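Chemist: test case, fold it:
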Amino acid sequence: MTHVVPTGISRGLCRERAEQIATEIQGRLGAVPPLFAPVRDIPDVLGSLWLQAQSAWLDNPLPPLLKEKLFARLSRHCPASYCLVWHSCALAGLGMTGGEILRLLQAPVGTLDSGQDPDAELLRCSEAAFLYATRVPGTQAEVRRLLGRELSGHWTLLLAYIQTCHLWTLSHPEISAEDDPAVRRQLEAWQQEEPQLVEWLRSYRETATRRRPAPGK
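Modeler: Predicted coordinates:
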């Protein structure tokens, strides 16, 4: 098999395209999240990852607060902590207090209280679908009842994207949410306002690291 070695010109074009995509990401999000760092210089992969983020998450017509609740809550079930920490911080930017976020994250599966969270029923269905798929009959029908046919399709797309992000962060253990300055600022604020949340997130990271299999296992 003949391997084509990129010329200086083609490498330059790749860098230029990658920088264009990074500029677009920064313009939309205010910064380039660490999620994209492993492929910052690979425009094809960076572009694909960014398109998925836009279509399934950012431009998804589900309410922004609901999307971030789903991302944070379902990310409790990923051994890598990036999505859990990053999207928990995003919830603060949408007005949730540290105490509310801690309750959302700590509640055992199936126990979210609709008296405390108006999205609790949908979050319970989402967690059941995310964890057990076809083993929980009626979940999809219940989501369609709650959201309607059109939005339930966008809900499915978001859950699939969350799974993609979990796989991505597991495949790139070097990614850290705290490489994002906004995340560091939010954690520092919580250290004063809601230290239990910071302790919970950090203990999750330590637990997740211990249970992550070693390479080759």
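Chemist: any idea which element the closest residue to Val39 other than its chain neighbours lies in?
Modeler: Nearest non-adjacent residue to Val39, counting by Cβ to Cβ, 6 or more residues apart in numbering: Val45, 4.2 Å away. Where C-beta positions appear, they are placed from N, C-alpha and C, glycine not excepted. Per DSSP states H and E, Val45 falls inside helix 43-52.
Chemist: for the helix or strand following that helix, name the packing helices and strands.
Modeler: Beyond helix 43-52 in the direction of the C-terminus, DSSP H and E gives the next helix or strand as helix 64-74. Contacts of helix 64-74 with other secondary structure elements, assessed using 3 or more Cβ pairs under 8 Å, 6 or more residues apart in numbering; DSSP states H and E, are made with helix 82-93, helix 98-106, helix 120-132, helix 149-171.
Chemist: work out the gap between helix 64-74 and the centre of the chain.
Modeler: Distance of helix 64-74 from the chain centroid (Cα atoms, centre = their mean, to the nearest Å) equals 8 Å.
Chemist: tell me the buried residues in that helix?
Modeler: For helix 64-74, the neighbour count (16 or more other Cβ atoms under 10 Å) marks 66-74 as buried.
Chemist: show me what contacts the residue nearest the centre of the chain?
Modeler: Nearest to the mean C-alpha position of the chain, by Cα atoms, centre = their mean, lies Cys83 at 3.9 Å. Applying Cβ atoms under 8 Å, 6 or more residues apart in numbering, one finds that Cys83 lies in contact with 71-72, 75, 162, 165-166, 169.
Chemist: closest to Leu104 among these?
Modeler: For Leu104, the closest of the contacts of Cys83 turns out to be Ala72, at 6.7 Å, with distances computed as Cβ to Cβ.
Chemist: show me what contacts the residue nearest to the closest one when sequence neighbours are not counted?
Modeler: In this structure, Ala72 finds its nearest non-sequential neighbour in His87, 4.3 Å apart by Cβ to Cβ, 6+ apart. For His87, the set of contacting residues under the criterion of Cβ under 8 Å, 6+ apart consists of 68, 71-72, 75.
Chemist: do Glu142 as well
Modeler: With Cβ under 8 Å, 6+ apart, Glu142 has these contacts: 121, 125.
Chemist: what residues sit buried inside the strand or helix carrying it?
Modeler: Glu142 belongs to helix 139-147 when assigned by DSSP H and E. Of the residues in helix 139-147, those scored as buried under the neighbour-count criterion (16+ other Cβ under 10 Å) are 139-140, 142-143, 147.
Chemist: taking helix 120-132 as reference, get the angle to it.
Modeler: Direction vectors for helix 139-147 and helix 120-132, defined by axes from the mean of the first three to the mean of the last three Cα atoms, to 10 degrees, enclose an angle of 150 degrees.
Chemist: make 17 the first number, not 1, from now on.
Modeler: Yes, from this point I'll number from 17; that puts the last item at helix 155-163.
Chemist: what is the orientation angle of helix 155-163 with helix 165-187?
Modeler: Going by the same axes, to 10 degrees, helix 155-163 makes 120 degrees with helix 165-187.
Chemist: re the thing from before, show residues contacting the helix holding Val61.
Modeler: Residues lying outside helix 59-68 but in contact with it, judged by Cβ under 8 Å, 6+ apart, are 30, 33-34, 37-38, 40-41, 51-52, 55-56, 177, 180, 184.
Chemist: that helix versus helix 165-187: what angle between them?
Modeler: Using the same axes, to 10 degrees, helix 59-68 lies at 140 degrees relative to helix 165-187.
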